[in-house]
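> Next come a sequence and a model predicted from it.
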Amino acid sequence: MEWTGPSAPLRFYLERGLSLLFFFGVAWFTMGIVDMALGRLRIVMGGRRQTFAQSVMPLASRVLKITILLLAIAAVLSSWGYNTSTILAGLGVGGLAIALAAQKTIENLFGGVAVISDRPVFVGDFCKFGDQMGTVEDIGLRSTRIRTADRTLVTVPNAQFSSMTLENFSRRDKMLFHFKLNLRRDTRPGQVRDLLQSITRILADHTKVESGPLPVRFIGVGTYSLDVEIFTYVQTQDGDEFLQIQQELFLRVLDAVEAAGTALALPTQASIDYSHAREEVGAGSRS
């Protein structure tokens with residue numbers, strides 16, 4: 001610049017432009033280093049930490065980049081001769097009004113920090129929030145995005161999401177296998193005993209089933225059936241594997257029912273007519 005000998009006004013604007021380019025160039029370079037460092041850290045972290053990294057790293061990257069940008073702006077203003085302390089003091093006076101106007105945004109920001117710090121869900125977890133279910137795709141500064149089973153994308157403000165009751169299905173250590181078996185009323189006690197023993201053996205022989213002391217029990221006599229309850233856990237966290245094991249167990253239980261010489265109960269026409277008549281009698285007495 002000394003060689004070209006520009007005029008004073010031109011020199012003034014050239015110096016400011018160069019300082020602007022310099023500090024924002026440094027900021028851009030620093031942001032690149034942040035991206036490279038966080039990307040490397042994400043690769044190094046594995047297992048459950050990998051899931052945690054996918055949730056924390058994007059938010060940490062955004063916060064760091066915003067901080068770098070603000071520092072670059074402060075450095076540019078300082079190089080231009082402005083008193084940054086005075087500017088910050090002035091911003092502090094007007095910052096209260098801005099904070100009140102952006103109250104929801106600030107709530108969502110702290111809600112995102114709460115979700116990240118408390119870790120009720122990670123990116124990639126399948127969870128239930130409110131009366132909806134879906135897979136967490138992103139936890140941002142303002143909102144959390146969740147992909148539902150219908151493949152729609154639900155965006156929930158972090159302030160609301162952090163205050164919800166969240167049920168995280170991805171953190172199950174095992175899955176419940178529980179259902180009731182309704183046998184025909186004419187099933188003999190000996191057949192019920194044989195069936196209980198057969199189903200208990202089916203559960204005990206399966207390597208993925210955690211059979212407790214009494215996984216199968218005869219729980220009572222219903223209106224048109226004898227009721228048997230199966231309550232046990234399948235040792236898997238994979239939903240697809242659980243469905244496959246559940247299907248296998250259902251088919252084996254049906255084979256055991258057939259081998260015991262009985263069948264599943266269905267409401268008979270007589271019981272349906274009786275229930276209908278009882279309802280009519282009750283309605284007539286009320287009228």
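Arrived safely, thanks for sending.
> pretty sure V121 is in a helix, no?
No - according to DSSP: H, G, I helix; E, B strand; the rest coil, V121 belongs to no helix; its state is coil.
> which residues touch it?
The neighbourhood of V121, defined by C-beta atoms under 8 Å, 6 or more residues apart in numbering, consists of 55, 115, 127, 136, 139, 166, 168, 170. C-beta coordinates here come from the backbone N, C-alpha and C atoms, glycine included.
> Over to L243?
L243 is in contact with no residue at all, counting by C-beta under 8 Å, 6+ apart.
> before we move on, back to that, filter the contacts of V121 down to the buried ones.
Members of the contacts of V121 that pass the buried threshold by neighbour count (16 or more other C-beta atoms under 10 Å) are listed as 55, 115, 127, 136, 139, 166, 168.
> quick one: which of the residues you listed sit in strands?
Counting by DSSP state E, those place 127, 136, 139, 166, 168 in strands.
> The third one is in contact with V113, isn't it?
Yep, that's I139 we're talking about. No - with the criterion set as C-beta atoms under 8 Å, I139 and V113 do not qualify as a contacting pair; they are 10.1 Å apart.
> So what sits opposite the residue nearest to the spatial centre of the chain in the bridge?
Of all residues in the chain, the one closest to the mean position by C-alpha atoms, centre = their mean is C127, 3.5 Å from it. Applying DSSP bridges to C127 yields these beta-bridge partners: G134, N168.
> Am I right that it is in contact with M133?
Yes - taking contacts as C-beta under 8 Å, C127 lies within contact range of M133: 7.0 Å.
> list residues touching both of those two?
Overlap between the contact sets of C127 and M133, as judged by C-beta under 8 Å, 6+ apart, is given by F169.
> Name the surrounding residues that touch stretch 201-212.
With contacts defined as C-beta under 8 Å, 6+ apart, stretch 201-212 is touched by 174, 177, 200, 215-216, 230-236, 241, 245, 248-249, 252-253, 256.
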